[in-house]
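*Asks:* sharing a model prediction with you, sequence too.
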Amino acid sequence: MNDDAEPIGRVLGDGFTVAPLPPGWTALEGLVLVKCLDADGSVTWAFRLTDGLNHEEMIGALTVQLDLMREEISALFREGDG
């Protein structure tokens, strides 16, 4: 386990909220992509993950999300064509 790991609320602060999991679901592992301002005030991105995820799971999860987002954006253009 990462010795520097902290609870997500302590890392991101109380101002960040996410949709809850469906009733009866239990969180096991996760990955977070955060848009940030760095120490110089420049916009940058931070990627954090829990220790239990392997590369294959991360690639699979990110690929599925990317495909779903592409389909969602594509549907917006198709709806506008009608």
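*Replies:* Received, thanks.

*Asks:* could you list every helix and strand in contact with the helix or strand hosting Glu72?
*Replies:* Using DSSP states H and E, Glu72 falls within helix 55-81. Contact partners of helix 55-81 among helices and strands, from 3 or more Cβ pairs under 8 Å, 6 or more residues apart in numbering; DSSP states H and E: strand 31-37. The C-beta positions use only the backbone N, C-alpha and C, and glycine is treated the same way.

*Asks:* please give the centre-to-centre distance between the strand it packs on and its chain.
*Replies:* On the basis of Cα atoms, centre = their mean, to the nearest Å, strand 31-37 sits 8 Å off its chain's mean C-alpha point.

*Asks:* okay, the angle between the helix or strand following it and strand 31-37?
*Replies:* Sequence order places strand 43-49 as the next helix or strand after strand 31-37, per DSSP H and E. Computed by axes from the mean of the first three to the mean of the last three Cα atoms, to 10 degrees, the angle separating strand 43-49 from strand 31-37 equals 160 degrees.

*Asks:* quickly run through the sheet partners of strand 43-49, with directions.
*Replies:* strand 31-37 (antiparallel) (DSSP bridges).

*Asks:* tell me the angle the strand it pairs with makes with helix 55-81.
*Replies:* Using the same axes, to 10 degrees: strand 31-37 against helix 55-81 is 70 degrees.

*Asks:* just the C-alphas of strand 31-37, formatted as CSV.
*Replies:* The C-alpha trace of strand 31-37 is given here as CSV (Å, rounded to 0.1, in the frame of the first residue of the first chain):
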residue,chain,number,x,y,z
LEU,A,31,-9.2,5.9,-10.0
VAL,A,32,-9.6,9.6,-10.1
LEU,A,33,-8.6,12.2,-12.7
VAL,A,34,-8.6,15.7,-11.2
LYS,A,35,-8.2,19.0,-13.0
CYS,A,36,-6.0,21.2,-10.8
LEU,A,37,-4.1,24.4,-10.5
